[in-house]
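> next one to model:
(chains A and B)
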Amino acid sequence: MTPAAPLFLLDGHPVPFKPGETLIEAATRAGRHIPHLCWHPGFAPHGSCRLCMVAIGERQLAACSTAAEAGLEVRLHGEALAAQRRTLLQLLFVEGNHFCPSCERSGACKLQAEACEAGVEGPHFEQLYPDRPVDASHPDVLLDLNRCILCGLCVRASAQHDGKAVFALGGRGLGTQLVVGSASGRLGDTDLAASDLAARICPVGAILPKRRGFAVPIGQRRYDAAPISALPETDDGMPPP
Amino acid sequence: MSAAPAGEPGQLLQRLVALQAQRGWLPPAALEALAVEMALPLAELRGVAGFYRFLHLAPVGRLRLLFSDHVSDRHQGAPALMARLCARLGVAPGQVRADGALSIDRCSCIGLADQGPSLLVNHGQVITRLDAARIDALAQAIEAGLPPAAWPAEWQQVDEPVRRADVLLGAADAPGAALAAALAQPGSALIEALASARLLGRGGAGYPVADKWRACAAQPVTERVVVCNADEGEPGTFKDRTLLRLQPDALIEGMTLAAWALGARHGLIYLRGEYRWLLPGLQQVLARRRAAGLLGAAIAGRPGFDFDIAIHLGAGAYVCGEESALLESLEGRRGVPRIRPPYPSSHGWRGLPTVVNNVETFCCVAQIALRGAARWAAIGTARATGTKIHSVSGDCARPGLYEYPLGTPVARILADCGAVDAQAVQVGGPSGHCVPARDFGRRIAQEDLPSAGAFTVFGPGRDLFEVARHAADFFAHESCGFCTPCRVGTTLMARRFDKIAAGSGSRHDLDALRSLTELLGSSSHCGLGASAGRMLHDTLRHHRPAYEQRLQSLQFVPGFDLDAELSQARALTGRHDAGAHLATRETDVTRKHEVMPEPDAPTNPQPQPQRIAP
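Got it, this is the predicted structure:
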């Protein structure tokens, strides 16, 4: 007889885990959604979006970088944490230029889906309206930094999965931005291919395949039918090419 | 000297610093060549270079002057002096002059708050005690084409005003004396001595040094690393500057003692970019100690006791004072704090068990090794033993260095430095506490008021709203940009301060500031974000009138002037009757009619009137 897997409690529900797993890994495997944007199964945690904050006792921790331990009582829901998640999402919205109705990723965007689920009804804070150019130089991939939330997933996917290191994060503070590693700084001058994971992993509409705009009708988009918490984790919100 | 070969990836930041020193900025072609040479992705080079303030991906002036922007620099007139220099030299702040010869800008505190206002020349030379006469002479020297190396030595004079010395700032001990004392026993005995001395780290967090060292020593590997955090970036501190100049042997001896206790062979000093002018002196001390057999192979004649130290230069990033960001920077990356655990004592520099302590802590270690744990533990309080150096600046007669036993009340320091009628003291910099006059009886110690060493005095005339606003600007400027709450939240805080300062504030804005502070405190990735709201919190609590007297109304007031927004429409329609005005503020409307009458029948849209502050 194999010994029972160790458990922690997520809002009172037992979640089994394997030794070495983080809270979010175990919860995801158990089919429980912890809101996140910069985390992705298969990549080391980044810990930058802070959306996966949970409370353990008096402490708040990022579920993506906290190891699961037997008997932990982890709180994900609750008024204070919900308000905090809403605010974090609002910060991301005012930081960039997000105009969901015109975005091809609308309906399949994790930022939008998490915001809908968190009850974000407006930006609340003043818009910062950054001046970020669109890079349309690549034949198959559009790079629109107006929607970039600096989750670093394309950076990790390009370096660790595609073996290309096309992207990096540059600048700092509010000037932090996604940097493209070609002499011209343009995406068209890199060896990025549309089939690369880096070109597909973006959780928002910053990296998009060209000539596929609004291929899925409203009502049938990924998050139209069910909230993000009810859907399985995906490496790619876009339909396959 | 650097222990690692120059082409090795960990050397990236050092190579970029060198390239920048040579070329003045980092031209794209030079970056591409370096990427090829180091076999690193170009994106990574751009990412690293873009992170540090002293590295430039676009041309800057051939002569680059950076005015230190500590709050005491501001109080002593630095903004007016900078404006004066800009006017004299015909350059706008933050811009490169048309001929490319120079640029003038502000930067965070450069560690000279006791003899400010001051500025940094080409990241490697300082000018202290700026006043109008010195500014004029500087402008003259620059216009005459005199190179910085030929500027008068007195401009660059940095004094070390030690006003009160105790064990750390007293006469320097003979190099090697503490080492000789420690070598009589095994390394583990030194760790036990630190434990019985109850030495706490001097960086502000107050973690027991012996616990850190024990955790490092317990790792089941043979290679360990000793790192000195000489990234004294907290605005208002300059004690490390003094220790690095007056007691460099004590620091290096402390590091060597750590190597003895841990069996480490490799040491690194991370020197903040603002202190590059201290580099030659430190290199000389390292060379002298190597020659004396106190560094290098078989130290003090002990076969197998091999330890050497390399100095790494930072490039202008406050966040690198956080130990895991410092390690990232030491490995040639962006200075973004790591996810913890694991802690450096198990996974530090290049994944090796690493002890990171700051300059003052290593000096304390040397004292304990030489004079014994009992003597150290007898100084200070029950939890906070030994002495602490305070960098005193601001509104006082005698700014400088003051070393006291821990547990000394704020009032005692104020009396000694000649501060009369202070209304508040910033203890520990903007990330520390702003202590109001009624709390001057509080003691600086772990159990009451912890401090990393900055002590900035605010006299009766100072505006504590502006002090908190300055802190908010500082954190927005120095946020590494990694995590959402800090990257966006610090900027939103700074803008909300601007809104209140511009006369458009309401109680709603104070509430917004407070809730941003709470978010930053609970959800930030590292201590920078977590402490970004401290000055706001303390000043709002103790100096609320400084905020309230600025509020336009208790109700919400928009950040823009609704009536001013209509001016174009009025101009286009030619209307200037009272009905064409939106009475957002009675006083504004009245004043606007007096000051700026609308034109009768304009053919072109008129420029919008400036927002009128009440």
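> apart from its neighbours in sequence, what residue is nearest the residue in the stretch 251-400 of chain B positioned nearest to chain A?
Per Cβ to the nearest Cβ, B:Ile339 is where the stretch 251-400 of chain B lies closest to chain A, at 4.4 Å. C-beta: built from backbone N, CA, C; applies to glycine. The shortest distance from B:Ile339 to any non-neighbouring residue, by Cβ to Cβ, 6 or more residues apart in numbering or on different chains, is to A:Ser65 (4.4 Å).
> just the pLDDT for the one you found.
For A:Ser65, the model assigns a pLDDT of 96.
> that one: how many residues sit nearby?
Neighbour count of A:Ser65, defined by other Cβ atoms under 10 Å in any protein chain shown: 20.
> for whatever residue of chain B ends up closest to chain A, list the residues it contacts.
Using Cβ to the nearest Cβ, the closest approach of chain B to chain A is made by B:Ala43 at 2.7 Å. Contact analysis of B:Ala43 by Cβ atoms under 8 Å, 6 or more residues apart in numbering or on different chains lists A:Val155, A:Ala165, A:Val166, A:Phe167, A:Ala168, A:Gly170, A:Val179, A:Val180, A:Gly181.
> ok, back up a step: and what about the residue of the stretch 251-400 of chain B closest to chain A, helix, strand or coil?
coil (DSSP: H, G, I helix; E, B strand; the rest coil).
> and the closest residue to B:Leu85 other than its chain neighbours, what does it touch?
Nearest non-adjacent residue to B:Leu85, counting by Cβ to Cβ, 6+ apart: B:Ile135, 5.0 Å away. B:Ile135 makes contact with B:Leu81, B:Arg84, B:Leu85, B:Arg88, according to Cβ under 8 Å, 6+ apart.
> write the PyMOL selection for whichever of those residues are buried.
Only the buried entries of the contacts of B:Ile135 go into this PyMOL selection, using 16 or more other Cβ atoms under 10 Å in any protein chain shown:
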select buried, chain B and resi 81+84+85
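> between the contacts of B:Ile135, which sits nearest B:Leu370?
B:Leu81 (44.3 Å; Cβ to Cβ).
> pretty sure the closest one is in contact with B:Pro117, am I right?
Yes - between B:Leu81 and B:Pro117 there is a contact under Cβ atoms under 8 Å: 5.8 Å.
> helix or strand next in line after the helix or strand harbouring the residue nearest to B:Leu85, which one?
For B:Ile135, the host element (DSSP states H and E) is helix B:132-143. The helix or strand immediately downstream of helix B:132-143 is strand B:162-164, counting by DSSP H and E.
> who are the packing partners of that following strand?
Using 3 or more Cβ pairs under 8 Å, 6 or more residues apart in numbering or on different chains; DSSP states H and E as the contact test, the elements touching strand B:162-164 are strand B:400-405, helix B:410-417.
> contacts for that strand, please.
Contacts of strand B:162-164 (Cβ under 8 Å, 6+ apart): B:Leu169, B:Thr242, B:Leu246, B:Val392, B:Arg398, B:Gly400, B:Leu401, B:Tyr402, B:Glu403, B:Tyr404, B:Asp416, B:Cys417.
> most neighbours of all those, which one?
B:Val392 (31 neighbours).
> just list whatever residues bridge to that one.
Beta-bridge partners for B:Val392, by DSSP bridges, are B:Gly400, B:Phe455.
> buried ones in stretch B:483-502?
Buried-residue list, stretch B:483-502, by 16+ other Cβ under 10 Å: B:483-497, B:499-500, B:502.
> which regions of chain A lie under the pLDDT threshold?
A:1-2, A:235-241 (pLDDT under 70).
> now B:His470: which helix or strand?
Going by DSSP H and E, B:His470 is in helix B:464-478.
> how about that helix, does it get close to chain A?
Yes - using Cβ under 8 Å from any Cβ of the partner chain, helix B:464-478 reaches chain A at B:Ala476, B:His477, B:Glu478.
> after that helix, next one along is what?
helix B:484-501.
> what angle sits between that next one and helix B:464-478?
Taking axes from the mean of the first three to the mean of the last three Cα atoms, to 10 degrees, one finds that helix B:484-501 is oriented at 140 degrees with respect to helix B:464-478.
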